[in-house]
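Asker: A predicted structure for the sequence below; I have some questions about it.
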Amino acid sequence: VQLLESGGGLVQPGGSLRLSCVVSGFTFSNYYMSWVRQGPGKNYAWVADINSSGGTTYYSDSVKGRFTISRDNAKNTLYLQMTSLKPEDTGLYYCAKGPRGQGDRSTYWGQGTQVTVSS
């Protein structure tokens, strides 16, 4: 199982970023996927879920209306479009197999991509 995130970077408040996660080693189209953030204090916070078909999505209250999770099952790729970014969105963003990042981190999470929101 491999999950490889990309797309992070430094962005000013109010800016946008699009994260991608390319997946291999399991049948991507069969599984819920999620994004989880590790903040500067090292705590993990669930960000968003998407069901296997992409037709149903769920968001934490802190990102609802600003972030959009999506997937392309033909490309085995998960996305997170982030807009109206705030400093409190700063963190290491992981994609994870399964809902709410509940799978074993060492097996079912990627290595993360850093997002820093700062002026």
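Answerer: Alright, I've got the coordinates. Numbers count the residues shown, from 1 in each chain.

Asker: now residue 56: how far from residue 40?
Answerer: Using CB to CB, to the nearest Å, one gets 31 Å for the distance from residue 56 to residue 40. C-beta: built from backbone N, CA, C; applies to glycine.

Asker: Could you list the low-confidence segments of this protein?
Answerer: The chain contains no residues with pLDDT under 70.

Asker: residues in contact with the residue lying closest to residue 108 once chain neighbours are set aside?
Answerer: Nearest non-adjacent residue to residue 108, counting by CB to CB, 6 or more residues apart in numbering: residue 97, 4.1 Å away. Listed by CB atoms under 8 Å, 6 or more residues apart in numbering, the contact partners of residue 97 are 1, 3, 23, 26, 31, 33, 103, 108-109.

Asker: Okay, and which of the residues you listed map to strands?
Answerer: Within the contacts of residue 97, residues falling in strands by DSSP state E are 3, 23, 33.

Asker: ok, the second one touching residue 77?
Answerer: Yes. At 7.0 Å, residue 23 and residue 77 qualify as touching, with contact defined as CB atoms under 8 Å.

Asker: So between these two, which is more surrounded?
Answerer: In this view residue 23 and residue 77 are compared by other CB atoms under 10 Å, and residue 23 has more residues nearby, 23 against 17.

Asker: What sits closest to the more buried one if chain neighbours are left out?
Answerer: residue 76 (4.7 Å).
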